[in-house]
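Undergrad: Provide a 3D model corresponding to the input given below.
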Amino acid sequence: MIGQTKQGTPIETLPIDTSPPRVRVIDLETGGNGLNDVCEIGWQDVVLDDDRQWQLTEERGALLVNPGRPMTPDTIAVHHILDVHVTDAPFWKEIAASVLRPPGRLDALAAHRAGFEQRYCTPRFNGGTPWICTWKSALRVWPEMPRFSNQMLRYQRMPKGLIHEIGLPAHRAMPDAYVTAHHLRDLLNETSLEQLLDWSREPGLLPRIPSGPDRGKGWDRLSDEKLQEFARDRDIDLRFSAETEIRRRGDNPKPESIEPAQRTLL
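TA: Below you'll find the model as predicted:
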């Protein structure tokens, strides 16, 4: 497009992108704990349709990736991808950007417990695209759920339109991305993209105490003293959840003023 300045000098302006908002769900399988140990990446797109409803598209897929070294038996036992399967596959640095920065509009990337994917899908590869964590978002939107893993949410919620066979086998990149995308679709249809992005930048707000003697209790059932203990826990989600309840009660301690408890050798 060509415009003009006040003096009449032609200037070039970028065309307005009228394509619908799009979020790409990502899932990774890895062969170890190194930052290049990806052995498979899967994806599934979710877009906003003409009726202002988020829907899955046919854009999904997976690519094997050569992690550059033999995979550990522990990780192979999870996804069953063998070294022989990835010998001729491209390396992560060669393939990552093509999936994480696809042509066209992309408003966000998403994953269940996205912190794991973000370890590998760095701004170098994704261009700084923001992330939605469907785990953190589910804690907020569906706090009544007893558990929040990707597969447990699948069978607790039974999302509409999820084709069982496409979502299998579990712990492979494309099927897991496909399942996560159904959670994302429903989350986006209950709240806004911007809200999910905001929640995803914070620690997880746990609806209940997940373990220990107080397991299953809501935060409002704890004494002030017990809350202060959790606010010093080494787990960032526990600390954040306890601090949120403390603020709700009106005590308003500054989170940064609460020192984490000394780390233990667990």
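Undergrad: just checking, Leu56 touches Arg185?
TA: Yes. Leu56 lies in contact with Arg185 (C-beta atoms under 8 Å); the separation is 6.1 Å. Yep, even glycine has a C-beta here, placed from its N, CA and C like the rest.
Undergrad: so what sits against both of these two?
TA: Val46 (C-beta atoms under 8 Å, 6 or more residues apart in numbering).
Undergrad: and these two? Which one has more around it.
TA: Neighbours were counted for Leu56 and for Arg185 using other C-beta atoms under 10 Å; Arg185 has more, 23 against 20.
Undergrad: and the more buried one, that one's in a helix?
TA: Yes. Using DSSP: H, G, I helix; E, B strand; the rest coil, the assignment for Arg185 is a helix.
Undergrad: so it sits against Leu48, correct?
TA: No. Taking contacts as C-beta under 8 Å, Arg185 lies outside contact range of Leu48: 10.2 Å.
Undergrad: anything in contact with each of the two?
TA: Counting by C-beta under 8 Å, 6+ apart, the residues touching both Arg185 and Leu48 are Trp54, Gln55.
Undergrad: pretty sure Asp186 sits against Gly161.
TA: No. Using C-beta under 8 Å as the test, Asp186 is too far from Gly161 to be in contact (10.1 Å).
Undergrad: settle it for me: which of those two has more neighbours?
TA: Asp186 (19 against 8).
Undergrad: for that one, which non-adjacent residue is spatially closest?
TA: In space, and not counting its chain neighbours, Asp186 is closest to Pro159: 6.1 Å by C-beta to C-beta, 6 or more residues apart in numbering.
Undergrad: hmm, the one you found is touching His183, no?
TA: Yes. Applying C-beta under 8 Å, one finds Pro159 in contact with His183, separated by 6.8 Å.
Undergrad: look at those two and report which has more neighbours.
TA: His183 (25 against 18).
Undergrad: how many residues are close by Trp43?
TA: Neighbour number of Trp43 under other C-beta under 10 Å is 24.
Undergrad: ditto for Ser98
TA: 13.
Undergrad: can you confirm it is in a helix?
TA: Yes. Ser98: assigned to a helix according to three-state DSSP.
Undergrad: for Ser149, see how far away it is.
TA: 29 Å (C-beta to C-beta, to the nearest Å).
Undergrad: which residue ranges of this structure form strands?
TA: Counting by DSSP state E, the chain has strands at residues 2-4, 10-12, 22-30, 38-48, 54-64, 108-111, 131-133.
Undergrad: and the third one with strand 38-48, angle?
TA: What it means is strand 22-30. 160 degrees (axes from the mean of the first three to the mean of the last three C-alpha atoms, to 10 degrees).
Undergrad: got the angle for strand 22-30 vs strand 54-64?
TA: On the basis of the same axes, to 10 degrees, strand 22-30 is oriented at 30 degrees to strand 54-64.
Undergrad: buried ones in strand 22-30?
TA: Arg22, Val23, Arg24, Val25, Ile26, Asp27, Leu28, Glu29, Thr30 (16 or more other C-beta atoms under 10 Å).
Undergrad: switch those residues over to a markdown table; also include pLDDT and distance to Gly218.
TA: A markdown table is the format used below for the buried residues of strand 22-30 (pLDDT from 0 to 100; distance: C-beta to C-beta, whole Å):
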| residue | pLDDT | distance to Gly218 |
| --- | --- | --- |
| Arg22 | 98 | 37 |
| Val23 | 98 | 31 |
| Arg24 | 98 | 35 |
| Val25 | 98 | 30 |
| Ile26 | 98 | 33 |
| Asp27 | 98 | 31 |
| Leu28 | 98 | 33 |
| Glu29 | 98 | 35 |
| Thr30 | 96 | 35 |
